[in-house]
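>>> when you get a sec, could you give me coordinates for this:
(chains A and B)
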There are 2 protein chains.
Amino acid sequence: MTDEAAAQRHRAKMEKRKAVQDAEVASKPIDSKGLLMVHTGPGKGKSTAAFGLALRALGHGWKIGVVQFGKGAWRSGERSMLERLGEDLVSWHTLGEGFTWETQDRARDEAAARRAWAKTQELMADPDIRLLVLDELNIALRYEHLPLEEVIAALRARRDDLHVVVTGRNAKQEMLDAADLVTEMTLVKHHFAGGVKAQEGIEF
Amino acid sequence: MTDEAAAQRHRAKMEKRKAVQDAEVASKPIDSKGLLMVHTGPGKGKSTAAFGLALRALGHGWKIGVVQFGKGAWRSGERSMLERLGEDLVSWHTLGEGFTWETQDRARDEAAARRAWAKTQELMADPDIRLLVLDELNIALRYEHLPLEEVIAALRARRDDLHVVVTGRNAKQEMLDAADLVTEMTLVKHHFAGGVKAQEGIEF
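Prediction:
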């Protein structure tokens, strides 16, 4: 048997094993529930994938909420596009000020984070909303702008029919523990290294 | 100094270093060019992030192309939403048959992959299209349904104003080498392990 034939056999075996695993998962008598999904890691696509999920949710006719704990200025394109798909279906709130360890700005940033968290709790209580994107919440927690235990407890106590997506690098371990699904976006290679600048439409 | 204070100082230092790096990047006299972006890895969000980029591109009034090398049936929600944002701005082609090592289906799968590749070349030549999503192309290449060298050469020779996003796990090394930006989505934790089934609106 050639190396390539052996490799093909191995891959076929892996495919088959995966199919068996998928069938096992599908056969489990389990209930649907609202998922807590976390997109973290240093790579690109954490927020973009969250807004892709929002796009899909709108495709199902769901109402969605978005709370941005960062400044979020680069996301105005996604916002206007999602709102065009149903302005009454999109509840979007850009409330963050930014993230800094400078003492003089910290009170301002914390106040902004608390306003964003208050809005989050309001949207979590709205029974019409089925998907909630908490953009860069991980960063607000990393900077200790919000009480971690309270945030985690509220996310764990979410309604059964509410999906929540939390984005931002450096997710706290408590967030990972509470999550149903964690995806880490890892930067393998970046064009900045090759000398291409950030571009409208792609980077912002 | 307490551990926490030391940790805060360390993080502040890291933030500052990052700001300096960003400034260096921004100051480089470099040209914009169409990027080849690759979303790979075993985690969720590879295609979802690509469609999030498509959403953003439409926000800039760009025309986009999508070629699906897999069956793509779970993506009908994204398709209908993106088309609602401008049917004449979205050129969407689901041409793949699937991926199998079974001999009897391989000819069919290869023929489908070749049709999808022919459509890709047509869209790459359309000067109106600014973003092209090649969904699951990595898998077609992994299964050797297409000539790797030809595909890589064509992607490298793309127009200067065309961004291309290639998705699918197990990207070939040649694809990574050709890319400007590679993001690997790593599955850290999956709710299937906890016994929650795939759900409409989130998984498909």
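>>> surely residue A:188 is in contact with residue B:186?
No: if you go by C-beta atoms under 8 Å, residue A:188 and residue B:186 don't touch, sitting 10.4 Å apart. (Glycine included, C-beta is placed from N, CA and C.)
>>> beta partners of residue A:187?
Per DSSP bridges, the residues bridged to residue A:187 are residue B:183.
>>> what about chain A, any weak spots by pLDDT?
A:1-32, A:73, A:101-103, A:190-204 (pLDDT under 70).
>>> all helices for it, in order.
A:3-27, A:46-59, A:76-84, A:103-124, A:137-142, A:148-156, A:173-178, A:191-194 (DSSP state H).
>>> report all helices and strands that the fifth one contacts.
Contacts of helix A:137-142 with other secondary structure elements, assessed using 3 or more C-beta pairs under 8 Å, 6 or more residues apart in numbering or on different chains; DSSP states H and E, are made with helix A:103-124, helix A:148-156, strand A:163-167.
>>> what distance do you get for residue A:174 to residue A:124?
Distance, residue A:174 to residue A:124, using C-beta to C-beta, to the nearest Å: 18 Å.
>>> more neighbours, the two?
residue A:124 (19 against 16; other C-beta atoms under 10 Å in any protein chain shown).
>>> okay, now the nearest residue to the more buried one once chain neighbours are set aside: neighbour count?
With C-beta to C-beta, 6 or more residues apart in numbering or on different chains as the criterion, residue A:124 has its nearest non-adjacent residue at 6.0 Å, and that residue is residue A:158. For residue A:158, the neighbour count with other C-beta under 10 Å is 17.
>>> residue A:158 and residue A:164, how far apart?
Look at residue A:158 and residue A:164: by C-beta to C-beta, they are 6 Å apart.
>>> give me the common contacts of those two.
A:34, A:36, A:124 (C-beta atoms under 8 Å, 6 or more residues apart in numbering or on different chains).
>>> chain B versus the last one, what's the distance?
Here the distance between residue A:124 and chain B works out to 17 Å (C-beta to the nearest C-beta, to the nearest Å).
>>> the second one now?
Separation of residue A:36 from chain B (C-beta to the nearest C-beta): 9 Å.
>>> contacting residues around that residue?
Counting by C-beta under 8 Å, 6+ apart, residue A:36 has contacts A:155-156, A:158, A:163-164, A:166, A:178-181.
>>> next: the last one.
Taking C-beta under 8 Å, 6+ apart as the criterion, residue A:124 is in contact with A:132, A:154, A:158-159, A:162, A:164.
>>> and what of the first one?
When contacts are counted by C-beta under 8 Å, 6+ apart, residue A:34 touches A:130, A:158-164.
>>> of these, closest to chain B?
residue A:163 (5.8 Å; C-beta to the nearest C-beta).
>>> tell me what that closest one is bridged to.
Taking DSSP bridges, one obtains residue A:131 as the residues bridged to residue A:163.
>>> what's the neighbour count on it?
Neighbours of residue A:163 (other C-beta under 10 Å): 25.
>>> kindly report the same for residue A:133.
Neighbour tally, residue A:133, other C-beta under 10 Å: 27.
>>> quick check: it vs chain B, distance?
11 Å.
>>> for that residue, give me its contacts.
So residue A:133 contacts A:50-51, A:53-54, A:64-67, A:164-165, A:167 (C-beta under 8 Å, 6+ apart).
>>> so which of the residues you listed also contact chain B?
A:50-51, A:53 (C-beta under 8 Å from any C-beta of the partner chain).
>>> most neighbours among the residues you listed, please name it.
Counting by other C-beta under 10 Å, top hit in the ones next to chain B among the contacts of residue A:133: residue A:51 with 28 neighbours.
>>> contacts only, for the closest residue to residue A:174 other than its chain neighbours.
Distance criterion C-beta to C-beta, 6+ apart; nearest residue to residue A:174, sequence neighbours excluded, is residue A:152 at 5.0 Å. Neighbouring residues of residue A:152 by C-beta under 8 Å, 6+ apart: A:174-175, A:178.
>>> got TSV for those, with distance to residue A:141 too?
Output for the contacts of residue A:152, formatted as TSV (distance: C-beta to C-beta, whole Å):
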residue	distance to residue A:141
A:174	8
A:175	7
A:178	12
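>>> can you list the domain ranges for chain A.
A:1-30, A:33-194 (automatic domain parsing).
>>> wait, residue A:185 sits on residue A:41?
Yes: judged on C-beta under 8 Å, residue A:185 makes contact with residue A:41 at a distance of 4.2 Å.
>>> okay, and the common contacts of these two?
Taking C-beta under 8 Å, 6+ apart as the criterion, residue A:185 and residue A:41 both touch residue B:186.
>>> neighbour count winner among those two?
Applying other C-beta under 10 Å to residue A:185 and residue A:41 shows that residue A:185 carries more neighbours, namely 28 against 24.
>>> ok, that one - contacts?
Contact analysis of residue A:185 by C-beta under 8 Å, 6+ apart lists A:39-46, A:49, B:43, B:45, B:183-186.
>>> list the contacts of residue A:172.
Per C-beta under 8 Å, 6+ apart, neighbours of residue A:172: A:138, A:141-142, A:148.
>>> nope, residue A:158 is what I meant
Residue A:158 touches A:34, A:36, A:124, A:164, counting by C-beta under 8 Å, 6+ apart.
>>> lovely, talk soon.
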